[in-house]
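Enquirer: coords please:
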Amino acid sequence: MGQQQLLLIILGLIVVGIAIYMGISLFRANAIEAKRNNVTNELVNLAAMAQQYYMKPVSLGGGARSFEGWKIPEGLKITANGSYRIETIGQDSVVIIGTGNEVVTGNDSVKVKISVGATNYRTVIIN
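Expert: Residues are numbered from 1 along each chain as shown. Below is the predicted model:
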């Protein structure tokens, strides 16, 4: 009877240990995905701003069918979710890189790239 109870206690501890490990893994994966979504959302907002600049005439402070001259607003270069910079900018397109500022495990920094055209954009998850 004593050996059976000891085996059940050990088995229970193993099951609880596995459940805790799985819970931590799921939490970590969810945290990384949430950070990636936040950075992507802010990049989409910046893409919309760039497209607005592209469509406005120069007399209204726009680019008159050109992205050249558009800059990320100072208040949006560094936010609570990450930092953003223009990688390349041309007449027909602009590429913006967003880097998350929180690290959960040490090697999971979030990096997302968005390529913006006149009427569309495309996001690429780098990390």
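Enquirer: remind me, longest helix of this protein?
Expert: helix 2-55 (DSSP state H).
Enquirer: ok, and what's touching the very next helix or strand once past it?
Expert: Heading C-terminal from helix 2-55, the first helix or strand you meet, by DSSP states H and E, is helix 74-77. Here helix 74-77 makes contact (C-beta atoms under 8 Å, 6 or more residues apart in numbering) with 42, 45, 46, 83, 84, 85. Bear in mind the C-beta positions are built from the backbone N, C-alpha and C, glycine included.
Enquirer: let me know the closest of those to residue 100.
Expert: residue 83 (8.6 Å; C-beta to C-beta).
Enquirer: quick one: low-confidence ranges for the protein?
Expert: 1, 104-108 (pLDDT under 70).
Enquirer: out of everything not next to it in sequence, what's closest to residue 101?
Expert: Spatial nearest neighbour of residue 101, chain neighbours left out: residue 82 (4.9 Å); criterion: C-beta to C-beta, 6 or more residues apart in numbering.
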